[in-house]
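> any chance you could fold what I've pasted below:
(one chain, ligands or ions: 2)
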Amino acid sequence: MASLLDNWKRTHFTKNINTNLVDEEIIVMGWVHEIRDLGGIVFVVIRDRNGRIQITAPSKKIDSKILEQIRGFRKESVVAIKGKVQNSDKAPKGVEIIPNEIKVLNEANQPLPMDPTDKVKAEIDTRLDNRFIDLRRDNISSIFKIKSQMLHSTRIFFEENGFIEVNTPKLVASATEGGTELFPITYFEREAFLGQSPQLYKQMMMAAGFERIFEIAQIFRAEEHDTLRHLNETISIDMESSFMTDLDVMDILEKLINKVLVDVIENCQEELNILNVDLKPSQCPFPVVTYDKAVNIINSKDVEMEWGEDLSRAAEKILGEEYPNYYFLTEWPSEIKPFYVMPNEKDPTKSHAFDLMYGNLEISSGAMRIHQHDLLKEKIVEKGLNPNSFESYLKSFDYGMPPHSGWGLGADRFNMTLTGLNNIRETVLFPRDRKRLTP
Ligand code: ATP
Ligand code: MG
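Ligands and ions are numbered 1, 2, ... in the order given. Have a look, this model is predicted:
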């Protein structure tokens, strides 16, 4: 039996119910979190978005019809309760509600597919299969409140620094960086792909004279690997700025990270406590480790790595032991960075590319870009790509392209560093990995 709201309006979130409201009649709405029937008295805990309140029904004082309704409550049903606030020594918040009228707005079937009260631990797959229930738990919803703050602070930061938010297409005709990490789709009579990065469009926006842009959007990577830090759909925070070098945009990245840390610490203390995370502002400036130095550190710890190789997982772990917080890795070999990365003028085997790491986790990659058409075309060919598929991109370099730099910051990986989680699936509402496409 499901009732309608009729003319009932919620008067208070449970969080805002306190002793100031004693004797007032209020209406709360939420989920039946817990029921304890002691015979002479029934206790029910109602949960809403960010709190709980105890409903107390002593059988002698309460209308028998209401008592019957309460005794019929099922866990996780959605109910509305009209009642009087009353002082209580035993209730967790010092107040409880004595119900006068009740509506069961929707009943929850039993048994529940998973326990939302954390009493029974569920495997991650069970949790993700039943994500709408999993997300009812405080420790899980906290992750997303922190993420919301992170994205909010990011937008404020960019706005304060003169950046314009843009939206670039996610249906694209060809690969951003070449390679095979693309999801092909059918686009009418042609093949197209899901965008793996807004890179080429960000650069074209520099030719468009926007000078400072950012985008927060989905990127799609058809990577087969099944790790704790890769998903096939993830959110990237991307920026690009004209007349700036790699060092300038590293500075912006560092400032953004710190603003987010400060804001999360200030505004999400409750969520951090629930997650047991003692978040601290980061020490600035972040350490800068050159690729050469990183190779030396890694080799000195008995993990073999040749100059010119990308970091293996074992190599990242060694660096993470040495640098457990945020740090930059700079002066990467040109060979292992994308074609649009500016080579070092003095030694073109090295580049103006950098990564931002947090311990052993890469969270951002960026670089000063090539802004000269001919050099760019040369690099495309060098990487074994066909310049014809980059025609409309290359064109924008021929008619007034300023020098520019930028980076992409993985929002879900960044959120892992804020919430202390080691599985990226935890930080995404409905993650997409090698095996999971639903819900
Ligand atoms: P990795 O080497 O860890 O696979 P990448 O170097 O391929 O990452 P970039 O192309 O540099 O990734 O993308 C920029 C940022 O976007 C990364 O630093 C990371 O934070 C995030 N990112 C990239 N791919 C993924 C993914 N599959 N899942 C989650 N985040 C990702
Ligand atoms: Mg990278």
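
> the strands in the stretch 201-350 of the chain, which residues?
Ranges of strands within the stretch 201-350 of the chain are 212-220, 233-242, 288-290, 326-330, based on DSSP state E, counting those that start in this stretch.

> the most far-flung residue of the chain relative to its centre: what's it in contact with?
Farthest-out residue of the chain from its mean C-alpha position, per C-alpha atoms, centre = their mean: Lys60, at 50.2 Å. Counting by C-beta atoms under 8 Å, 6 or more residues apart in numbering, Lys60 makes contact with Gly40. C-betas here are computed from N, CA, C, even on glycine.

> quick one: the strands of the stretch 201-350 of the chain as a markdown table, columns for mean neighbour count, mean pLDDT and distance to Pro403 too.
Formatted as a markdown table, those follow (neighbours: other C-beta atoms under 10 Å; pLDDT from 0 to 100; distance: least, C-beta to C-beta, whole Å):
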| stretch | mean neighbour count | mean pLDDT | distance to Pro403 |
| --- | --- | --- | --- |
| strand 212-220 | 20 | 98 | 14 |
| strand 233-242 | 23 | 98 | 7 |
| strand 288-290 | 17 | 98 | 21 |
| strand 326-330 | 23 | 98 | 18 |
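
> skip the chain neighbours and tell me the closest residue to the residue of the chain found nearest ligand 1.
Residue nearest to ligand 1 within the chain: Gly410 (2.1 Å; C-beta to the nearest ligand atom). Take Gly410 and drop its neighbours on the chain: the residue closest to it by C-beta to C-beta, 6 or more residues apart in numbering is Ile363, 5.6 Å away.

> the one helix or strand that neighbour maps to pairs with which strands?
If you go by DSSP states H and E, Ile363 is part of strand 361-368. According to DSSP bridges, strand 361-368 forms sheet pairs with strand 353-358 (antiparallel), strand 404-410 (antiparallel).

> out of the ones you listed, which comes closest to Val381?
strand 353-358 (19.4 Å; C-beta to C-beta).

> what's the closest one in contact with?
For strand 353-358, contacts defined as C-beta under 8 Å, 6+ apart pick out 246, 250, 253, 257, 286, 316, 319-320, 323, 325-332, 334, 337, 341, 362-367, 407, 409, 413, 417.

> same list (the strands of the stretch 201-350 of the chain) but as JSON lines, adding distance to Asp23.
Converted to JSON lines, the strands of the stretch 201-350 of the chain look like this (distance: least, C-beta to C-beta, whole Å):
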{"stretch": "strand 212-220", "distance to Asp23": "47"}
{"stretch": "strand 233-242", "distance to Asp23": "48"}
{"stretch": "strand 288-290", "distance to Asp23": "63"}
{"stretch": "strand 326-330", "distance to Asp23": "53"}
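
> mind putting those strands into JSON lines with distance to ligand 1?
Below are the strands of the stretch 201-350 of the chain laid out as JSON lines (distance: least, C-beta to the nearest ligand atom, whole Å):
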{"stretch": "strand 212-220", "distance to ligand 1": "7"}
{"stretch": "strand 233-242", "distance to ligand 1": "4"}
{"stretch": "strand 288-290", "distance to ligand 1": "16"}
{"stretch": "strand 326-330", "distance to ligand 1": "11"}
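
> which one of those lies nearest to Val428?
strand 233-242 (7.3 Å).

> what strands flank that closest one, and is each parallel or antiparallel?
Assessed with DSSP bridges, strand 233-242 is paired to strand 212-220 (antiparallel), strand 404-410 (antiparallel).

> one step back: how much space separates the residue farthest from the centre of the chain from Phe328?
69 Å (C-beta to C-beta, to the nearest Å).

> please apply the same query to Val303.
Using C-beta to C-beta, Val303 is found at 21 Å from Phe328.

> check Arg221 too.
Distance, Arg221 to Phe328, by C-beta to C-beta: 23 Å.

> same deal with Ile185?
Where Phe328 is concerned, Ile185 sits at a distance of 36 Å (C-beta to C-beta).

> before we move on, back to that, the residue of the chain closest to ligand 1 touches Leu231, doesn't it?
No. Here Gly410 does not reach Leu231: they are 9.4 Å apart, not a contact under C-beta atoms under 8 Å.

> so the residue of the chain closest to ligand 1 bridges to which residues?
For Gly410, the beta-bridge partners are Ser236 (DSSP bridges).

> now do the same contact list for Arg137.
Counting by C-beta under 8 Å, 6+ apart, Arg137 makes contact with 116-118.

> min pLDDT across those residues, which one?
Model confidence across those bottoms out at Asp118, which has 76.

> pretty sure that residue contacts Arg136?
No. Between Asp118 and Arg136 there is no contact under C-beta under 8 Å: 10.4 Å.

> those two - which one has more neighbours?
When Asp118 and Arg136 are compared on other C-beta atoms under 10 Å, the one with more neighbours turns out to be Arg136, at 18 against 11.

> you'd agree Arg425 is in a strand?
No. Assigned with DSSP: H, G, I helix; E, B strand; the rest coil, Arg425 falls outside any strand and is helix.

> need the pLDDT of it.
At Arg425, the pLDDT recorded in the model is 98.

> wait, it touches Asp433, no?
Yes. Contact between Arg425 and Asp433 holds when scored by C-beta under 8 Å: they sit 6.8 Å apart.

> which residues are common contacts for these two?
Common neighbours of Arg425 and Asp433 (C-beta under 8 Å, 6+ apart) are Leu231.

> grab the nearest non-local neighbour of Glu240.
Gly406 (3.5 Å).

> quick one, what contacts that neighbour?
202, 238-241, 249, 366-367, 369.

> if we can go back for a sec, any chance of a PyMOL selection covering the buried ones in the contacts of strand 353-358?
In PyMOL, this line selects whichever of the contacts of strand 353-358 come out buried by 16 or more other C-beta atoms under 10 Å:
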select buried, resi 246+250+253+257+286+316+319+320+323+326+327+328+329+330+331+332+334+337+341+363+364+365+366+367+407+409+413+417
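
> circling back to that earlier point, among the strands of the stretch 201-350 of the chain, which is nearest Phe73?
Counting by C-beta to C-beta, Phe73 lies closest to strand 233-242 out of the strands of the stretch 201-350 of the chain; the figure is 38.5 Å.

> residues from the stretch 151-300 of the chain in reach of ligand 1?
221, 223, 230-231, 234, 236 (C-beta under 6 Å from any ligand atom).

> tell me which two of these sit farthest apart.
Spatially, the most separated pair among these is Glu223 and Ser236, at 14.2 Å (C-beta to C-beta).

> mind listing the helices for the stretch 151-300 of the chain?
199-207, 246-267, 269-275, 291-300 (DSSP state H, counting those that start in this stretch).

> done for today, thanks.
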